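**Student:** sequence and predicted model, in that order:
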Amino acid sequence: MPTQHYFPSLSFSHEILCFIYIHPSIHFQGSNYKPPTMVMANPSLLLQSIFILFFFFFLLPCLSWSCPEYQKQAVLQFKSSILAIDSSLHTFDSWNSSSSCCLWDKVACSSPSNSNSNSTSSSTSTSTSSVVIELHLSNLSSQLMPSNLLAPLFFMRSLRVLDISQNSINGQIPALGFGNLSNLVHLDLSWNEFNGSIPPQLFQLRHLQYLDLGSNKLQGGFSPRVGSLQGLRMLNLSSNRLSRELPEEIGNLTKLQQLSLSSNKFSNAIPSSILYLGELEEIDLSNNALSMEIPTHIGNLSTLSSLSLGNNKLTGGIPASMQKLNKLNSLDLEGNMLTGEIPFWLFDFKDLQELYPGGNSLTWNNNMKVVPKCSLFGLSLRSCGLRGEIPEWISTQKNLFVLDLSKNQLHGPFPQWLAEINWIFFLLSHNKLSGSLPTALFRSSQLLSTFALSHNNFSGELPENIGDAKFLSILMLDGNNFSGPIPQSMSQLPLLQLLDLSRNRLSGNIFPVFDPQVNMWYADFSSNQFLGEVPATFPPNIEILALGGSIPKTLFNLQNLRILDLSSNNVTGEIPIEFVNNLTGMIEAPPNPTSQTPDFAVAISFSPSIIFRTEFAVNELIVNWKKSKQGLSSHNIDMYFLLDLSNNQLSSEIPASLGTLKALKMLNLSYNKLSGKIPALLSNLQNVEGLDLSHNKLSGPIPIAFTKLQQLTTLDVSNNKLTGRIPIGGQMNTMADPNFYANNSGLCGFQIRVPCPEDLPPTPKLQEDDNKEEPWILMETVGIGYAIGFLLTIGIIFLTGYFNPSPPPNSRRRCRHHPHRLIRQQI
């Protein structure tokens, strides 16, 4: 979007004349200057009079105009602050104390007639003094600068235009300072590093007509106080971290012509008050979390030419009132949750150039015939249910540069007429298209930049002239049936950044050798039928690399490599130590790893008013991440450092040097024939979250030092020959899934509920001898008991008189009288 200045009409006639006529060939000496003597051969009296009048009324006032001294000193102080950070700048060469600041680069002053009402009184200002009204300070330095260096500028209350964009200024926006610049009409703080919330003082600048805070790190909500800026014509808050709902007070900005709030975290519904903005020409609310339906009467914004609502959570259908937007030239509804049928009246807008309704739950009526009245530059019908062959009506769009028909049900061959269109962005992934690729796609006159045919049924060899498409930067041909060798001309693509040829039937043992100057960062050759070694050299900027064939022993100069996938390649032999030592990009993790990386984006401009832009997310990098196949998105791919050598025929021992790759998040060596002990130096992988050594022939114990791996969440050593105790402590205490230790008969520990021998209580030998003597002791005890019982019984009988050997003398007499007693006694 070209920068526009919005400010009331100002008289610059005197100022312009000053700059025109003060030329290096004319030397003035201030008050010592004497006008030329009017002694000429035969001069015309009229010409002399005109020159004298011109000098006194135009040139002489210019010489006496100078900015107030306090403003000059303020700007010089700002210069000193910047040079203290970046002394290499030459931007301020014209800024010196010996000249008026009105003559400096990036500074503009008012004429004396307009300065008195706006300038602050100062002892140095005179009736003919100018004041600084514009400072154009954009793109001064790429060095990080604190926001307090702006302090000197806040004394210049005469400022009407202040542009400090693209300067990497960090910290909060100085609230009180900007609040002091009450005459500001144009304020541009975009493309800096400002954080914190938007200060309310900005909403008190009642003259403000242009406010650009885009591309910073601002947070918090969007204050309802924005409604007080009723003269605002351009508002840009895009690419920040603002959240919560949009204020209804935005409807007070009735003079607003451009509104951009894209790439934030705004939620809830689009405020209905937006329909009050009758002069609105461009509105961009894309890449937020806005929900509910598009305002039903959005068609009442009759001056609207560009409407971008893509990548939100909007529901419902496309409002019928949009038919009234006769000036519409760009409509972006992509990536929402819209439903219903795509209305064909969208193709009736005569001025429409960009149409993106794809990526919703909208449906395409395959039985309707489309006769577009527009001439489109960009069209997306992604995931719209198109069936059959590629629609032939697209051939009528002679100016079409951007086409996305991915994720449909298209089948048939690649039409020749489609190959003859001058494409820039061409996406046909996830369909059922078949056949070979026409060579016309890659002709030298082609401007093709992005070409994605992933997950189709294309076959045959890749065109040998693929290297003629010199503008190609993204080439995605994975998931097809292409065969034969990789064309050598592919190495001649100077702008290639992303290349995916995986999951095909490509073969051969000759790889293209890429120019080290190519800015390639992603290459995937995996799951093919290559033989021999892959090339040992790749562009140094490459970050993600998946290869086929054997391990290149001499991989070097890959200091940016973060993901290397050599899995499922039938690689044999040992892991070369040289190979490990050359993975320098995995040795140290960055101090502040990025948690969100924007989608890979390509933009190209053909005219000052039209910029084509496509965003391409890398969602199909499939890795074995924590025991499952997962796709890593480009939104967080910067956080991952992965090395996958699984499912090969690697043998010998695990190199201890793998422990130097401290940035690794995942190391997968499973399904090989590795033997020997697990190196204790693997405990140096301080960032590792997933470690898979399963299905090998490893022996010995699990290193006790693994307890130092504080980030570890998945450890699989199953199906080996490991022995000993599973380490206790740290994250190892959470590795309690027995399946991850299975088929290691010598392992023990609480993690698998198998006690180790040293954990059992000791068993004394005496206890065994005592058990053998127990029956004899029992018999002896019983014998003694019987003897004691017998003696006690005899004693009791004796004491009670039942045993008496000498009867009394009269016993005979008693027997006669009591015969039963005798009988009892005899008994």
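**Tutor:** Structure received. Numbering: from 1, shown residues only.

**Student:** what about the helices in the protein?
**Tutor:** Secondary structure of the chain (DSSP state H): helices located at 13-21, 45-54, 60-64, 69-85, 112-115, 175-179, 416-419, 577-581, 766-800, 811-817, 819-826.

**Student:** Asn183: neighbour count?
**Tutor:** 20 (other CB atoms under 10 Å). C-betas here are computed from N, CA, C, even on glycine.

**Student:** hmm, Val161 and it touching each other?
**Tutor:** No: counting by CB atoms under 8 Å, Asn183 stays clear of Val161, with 9.9 Å between them.

**Student:** in the stretch 701-827 of the chain, which ranges drop under the pLDDT threshold?
**Tutor:** Residue ranges of the stretch 701-827 of the chain with pLDDT under 70: 763-827.

**Student:** would you map the strands across the stretch 201-350 of the chain?
**Tutor:** 210-212, 217-220, 234-236, 241-245, 258-260, 265-268, 282-284, 289-293, 306-308, 313-315, 330-332, 339-341 (DSSP state E, counting those that start in this stretch).

**Student:** okay, those strands in CSV with mean neighbour count and distance to Ile424 next?
**Tutor:** Listed next are the strands of the stretch 201-350 of the chain as CSV, based on neighbours: other CB atoms under 10 Å; distance: least, CB to CB, whole Å:
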stretch, mean neighbour count, distance to Ile424
strand 210-212, 23, 28
strand 217-220, 16, 32
strand 234-236, 22, 26
strand 241-245, 16, 31
strand 258-260, 21, 24
strand 265-268, 16, 31
strand 282-284, 21, 21
strand 289-293, 15, 29
strand 306-308, 21, 19
strand 313-315, 17, 28
strand 330-332, 22, 16
strand 339-341, 13, 29
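
**Student:** include distance to Ser473 when you put these into CSV, please.
**Tutor:** Formatted as CSV, these follow (distance: least, CB to CB, whole Å):
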stretch, distance to Ser473
strand 210-212, 29
strand 217-220, 28
strand 234-236, 28
strand 241-245, 29
strand 258-260, 26
strand 265-268, 30
strand 282-284, 25
strand 289-293, 30
strand 306-308, 24
strand 313-315, 31
strand 330-332, 22
strand 339-341, 35
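
**Student:** wait, which of the ones you listed is closest to Phe511?
**Tutor:** Phe511 lies closest to strand 330-332 among these, at 40.1 Å (CB to CB).

**Student:** what helices or strands is the closest one leaning on?
**Tutor:** The contact analysis (3 or more CB pairs under 8 Å, 6 or more residues apart in numbering; DSSP states H and E) places strand 330-332 against strand 306-308, strand 354-356.

**Student:** can I get those strands in CSV with mean pLDDT and distance to Phe222?
**Tutor:** Formatted as CSV, the helices and strands packed on strand 330-332 follow (pLDDT from 0 to 100; distance: least, CB to CB, whole Å):
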stretch, mean pLDDT, distance to Phe222
strand 306-308, 97, 18
strand 354-356, 96, 25
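
**Student:** okay, the ones you listed in a markdown table with distance to Cys384 next?
**Tutor:** Shown next, in a markdown table, are the helices and strands packed on strand 330-332 (distance: least, CB to CB, whole Å):
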| stretch | distance to Cys384 |
| --- | --- |
| strand 306-308 | 19 |
| strand 354-356 | 11 |
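
**Student:** Phe706 reaches Ile726, doesn't it?
**Tutor:** No: counting by CB under 8 Å, Phe706 sits too far from Ile726 to count as a contact (9.2 Å).

**Student:** now Leu561. Nearest residue, chain neighbours left out?
**Tutor:** Gly585 (4.2 Å; CB to CB, 6 or more residues apart in numbering).
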